[in-house]
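Enquirer: this one's structure only:
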Ligand SMILES: [Zn+2]
Ligand SMILES: [Zn+2]
């Protein structure tokens, strides 16, 4: 089969590799029908994620068809059409028992395209297959479901739910990439009064309108703090969601929230950021961090199936697998190309 193989910082290839086999009892081999590229894959290619070693197949998001299952798999069977989640869950460790699958210490967590071979391939081995995949309900397209492999639950759980968005809130989302947009989209489930999109790329701010943003702030030329103050009688936002992952944007979020406000960090950080406790100690703010757990995936699937959540607007490009290198190039130049999510299928 062919797969996207990581060959060290800056280097990857769509190349011939052995097809995966069942290794553990709970494994399934899934034929990949649709797959996408994540911002995290670009971080890996920059060398920001040293746990990813040379020779690793990238990718942690897919929709596919079960081809073979190990003897310990009780629910899934060959022919089943499934979502392969970015988070693998052993289902047995203390964190899995608390639905904190992202923290799994029983061999799961974020492992696909990280610690084991991933989904940017014709086939993928999925460990703990019964508890790490979701059957796709009838009438829902592969590409819509693909948006729930990572960005859907990440924006919702780590942004909206960790941020405690409530009716009437002013929600500021810093970073209008796919995950920031997902936070804007799903925050609407709680009827906030304003969703303020803050980014330095006009193309992404423009896209935010389709995901519920009511105000757009380009903070390369506007003062985001002043704009939020003006909108909130000088108090600040109820919730700020950080969806970039650099010190400046985290520190901006801490400035944007009102006394008693909530900051939810979603961004993947590679450098230390300053926490201004000299300002914040008295303000009664809440700051939450974390990786997605994917406990909301089944809920989001229902919302997609019932058309209460429209995710198709994330999909800006379609490609075939043999053009994988071009897709990476297009996705890496997202500010120019307007790429949000690319859907990659078999030719
Ligand atoms: Zn991802
Ligand atoms: Zn576990």
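Expert: Happy to help now that I have it. Everything numeric here is computed off the predicted structure, so don't read it as measured data. Numbers count the residues shown, from 1 in each chain. Ligands and ions are numbered 1, 2, ... in the order given.

Enquirer: which residues sit in contact with residue 84?
Expert: By CB atoms under 8 Å, 6 or more residues apart in numbering, residue 84 lies in contact with 30, 61, 62, 63, 64, 112, 119, 124, 126, 132, 133, 149. In short, each C-beta sits where N, CA and C put it, glycine included.

Enquirer: phi, psi of it?
Expert: phi -100, psi 110 (degrees, to the nearest 10).

Enquirer: can you name the residues bridging to it?
Expert: residue 62, residue 133 (DSSP bridges).

Enquirer: what does residue 343 give?
Expert: Residues in beta-bridge contact with residue 343 (DSSP bridges): residue 318.

Enquirer: buried only: go through the contacts of residue 84 for me.
Expert: Listed as buried from the contacts of residue 84 are 30, 61, 62, 63, 64, 112, 119, 124, 126, 132, 133, 149; burial here means 16 or more other CB atoms under 10 Å.

Enquirer: so the second one sits right up against residue 110, yeah?
Expert: No: Residue 61 sits out of contact with residue 110 when judged by CB atoms under 8 Å, with a separation of 11.2 Å.

Enquirer: anything in contact with each of those two?
Expert: residue 86.

Enquirer: near ligand 2, which residues of the stretch 51-200 of the chain?
Expert: The stretch 51-200 of the chain comes close to ligand 2 at residues 90, 93, 96, 104, 106, 108, as judged by CB under 5 Å from the ion.

Enquirer: would a markdown table of those residues with pLDDT be doable?
Expert: A markdown table is the format used below for these (pLDDT from 0 to 100):
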| residue | pLDDT |
| --- | --- |
| 90 | 98 |
| 93 | 98 |
| 96 | 98 |
| 104 | 98 |
| 106 | 98 |
| 108 | 98 |
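
Enquirer: nearest to ligand 1, of the residues you listed?
Expert: Among those, residue 108 lies closest to ligand 1 (CB to the ion), at 15.6 Å.

Enquirer: can you read off the pLDDT for the closest residue to residue 186 other than its chain neighbours?
Expert: Once flanking residues are discounted, residue 186 sits nearest to residue 156: 4.1 Å by CB to CB, 6 or more residues apart in numbering. pLDDT, residue 156: 98.

Enquirer: report the separation between residue 302 and residue 142.
Expert: 17 Å (CB to CB, to the nearest Å).

Enquirer: likewise residue 166?
Expert: 34 Å.

Enquirer: what do you get for residue 131?
Expert: Separation of residue 131 from residue 142 (CB to CB): 21 Å.

Enquirer: okay, now residue 227: neighbour count?
Expert: 18 (other CB atoms under 10 Å).

Enquirer: I meant to write residue 326 there.
Expert: Other residues close to residue 326 by other CB under 10 Å number 14.

Enquirer: one more: residue 210?
Expert: 14.

Enquirer: next, it: phi, psi?
Expert: Dihedral angles (degrees, to the nearest 10) for residue 210: phi -70, psi -10.

Enquirer: give the contact list for it.
Expert: Residue 210 is in contact with residue 313, counting by CB under 8 Å, 6+ apart.

Enquirer: residues from the chain in reach of ligand 1?
Expert: So far as CB under 5 Å from the ion goes, the chain lies against ligand 1 at 38, 40, 150.

Enquirer: which one of the residues you listed is nearest to ligand 1?
Expert: residue 38 (3.0 Å).

Enquirer: residue 284 is in contact with residue 258, isn't it?
Expert: No: judged on CB under 8 Å, residue 284 makes no contact with residue 258 at a distance of 9.7 Å.

Enquirer: more crowded one of residue 166 and residue 142?
Expert: residue 142 (16 against 13).

Enquirer: could you give the separation of stretch 212-222 from the chain centroid?
Expert: Centroid displacement of stretch 212-222 relative to its chain, using CA atoms, centre = their mean, to the nearest Å, is 22 Å.

Enquirer: oh, that last question was meant for stretch 217-237, not what I typed.
Expert: With CA atoms, centre = their mean, you get 26 Å for stretch 217-237.

Enquirer: which outside residues touch that stretch?
Expert: 169-172, 174, 194, 196-202, 205, 215, 252, 255-259, 261.

Enquirer: where in this protein is the helix or strand with the lowest mean pLDDT?
Expert: In the chain, no helix or strand scores lower on mean pLDDT, DSSP states H and E than helix 334-337, which sits at a mean of 88.
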